[in-house]
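Q: Sequence and predicted structure, then a few things I'm wondering about:
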Amino acid sequence: MYLLKIISKQMLMLVIPIFFIGCAQTHTDHGHSARHSETDILKPHRSDSLFKVTDNKRYSVELRMKGNNLSVGNNRAEIVIHRVQNGEAVDVENAYLDITPWMPLHKHGVSTKAVITDKGAGVYAASDIEASMEGLWELKINIRAINGEDNVIFAFPDVRKTEAMGHSENHAGKMDRNSGMNAPEGTDFSTQKMSLRNLFKFSYEIMDRKKIPVNQIHSWKLIVNTNEGRPVTHAQIQVDGDMPAHGHGMPTKPMVTKEINPGIYLVEGMKFSMPGHWVIKFFIRTETETDAVSFDIVLN
């Protein structure tokens with residue numbers, strides 16, 4: 001009996017550490033799974049909105065505007081905010097929002113303050129979003145809510161006057177030239193260009209194809225270097241495109257999905273719905289600089 005007690009005690013001493021190791025491993029695995037699931041959960045809920053996750057991954061933000069673009073003058077927007085709770089995306093209510101239009105190339109904003117109205121269920125209406133001139137603009141959105149404070153920036157590389165984008169004006173003018181097939185005289189169709197501020201050298205290549213297809217989803221390879229020819233790594237790049245003669249954008253929402261090699265980025269989801277003149281815009285943000293570039297193409 002005494003020997004049995006000793007053996008039982010020894011076995012118990014072996015089982016206890018194993019039990020705690022198992023618990024620690026389970027806890028670690030669960031934490032990793034939770035972090036992974038949050039990334040998966042913060043996805044767009046609406047197909048017709050611009051979408052980004054805030055800098056510190058606290059919230060997802062969906063931005064809906066007319067044409068999903070800013071225009072010179074007064075703009076309105078609808079903002080939908082979500083967060084993760086118990087493995088699900090839930091509405092962020094009673095948040096405090098600040099929207100700051102900013103022109104990074106000129107380093108100025110506007111004096112008009114955007115007006116935010118809480119519509120409930122995580123939906124916020126914004127009015128008096130002012131863009132004072134044409135060019136590259138950012139909308140900086142600051143959110144203070146239940147998960148703390150966080151920020152997100154939406155870039156609009158080619159803000160124009162409403163009249164220049166008007167449907168009737170386009171049809172009265174450019175539509176006479178073979179339904180918008182032709183680009184304006186003197187258009188640069190280079191596949192390699194310097195950015196607006198001459199900070200970066202951009203070039204692109206079509207992946208796995210000899211030419212850009214019409215009405216087919218395909219991928220581009222975007223190469224970004226400094227003036228001195230050094231690869232620009234770990235940059236945040238947004239993609240946009242439109243057909244100036246028709247006043248509409250792309251049917252998809254292309255995005256940079258990964259950096260293939262230093263300074264070489266994969267752009268997926270490219271699609272052009274019809275032949276004609278298209279303008280593709282890339283907005284880049286590094287740790288120290290912001291800039292943009294546009295490429296003109298004509299599809300047959």
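A: Received it, and whenever you're ready, just let me know what you need.
Q: can you map out the strands along the stretch 151-300 of the chain?
A: Taking DSSP state E, counting those that start in this stretch to define them, one finds strands in the stretch 151-300 of the chain at 192-194, 200-206, 218-226, 236-243, 248-249, 255-261, 264-270, 276-285, 290-299.
Q: got a markdown table for those, with mean pLDDT, distance to Asn94 and mean neighbour count too?
A: The C-beta positions use only the backbone N, C-alpha and C, and glycine is treated the same way. Below are these laid out as a markdown table (pLDDT from 0 to 100; distance: least, CB to CB, whole Å; neighbours: other CB atoms under 10 Å):
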| stretch | mean pLDDT | distance to Asn94 | mean neighbour count |
| --- | --- | --- | --- |
| strand 192-194 | 94 | 46 | 14 |
| strand 200-206 | 96 | 41 | 19 |
| strand 218-226 | 96 | 40 | 19 |
| strand 236-243 | 89 | 30 | 20 |
| strand 248-249 | 80 | 34 | 16 |
| strand 255-261 | 95 | 31 | 14 |
| strand 264-270 | 96 | 35 | 19 |
| strand 276-285 | 92 | 30 | 22 |
| strand 290-299 | 91 | 32 | 20 |
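Q: For His106, which of these is the nearest?
A: Taking CB to CB, strand 290-299 is the member of these nearest to His106, at 11.3 Å.
Q: ok, the closest one: who's next to it in the sheet?
A: Strand 290-299 has its sheet partners listed here by DSSP bridges as strand 276-285 (antiparallel).
Q: ok, and what's touching the strand it pairs with?
A: 136, 153, 155, 157-158, 179-183, 187, 195, 200, 202, 222, 224, 232, 235-246, 272, 290-299 (CB atoms under 8 Å, 6 or more residues apart in numbering).
Q: Centre of the chain to it, how far?
A: 14 Å (CA atoms, centre = their mean, to the nearest Å).
Q: For this protein, which element, helix or strand, carries the lowest mean pLDDT?
A: Between all helices and strands in the chain, the lowest mean by mean pLDDT, DSSP states H and E belongs to helix 167-172, at a mean of 38.
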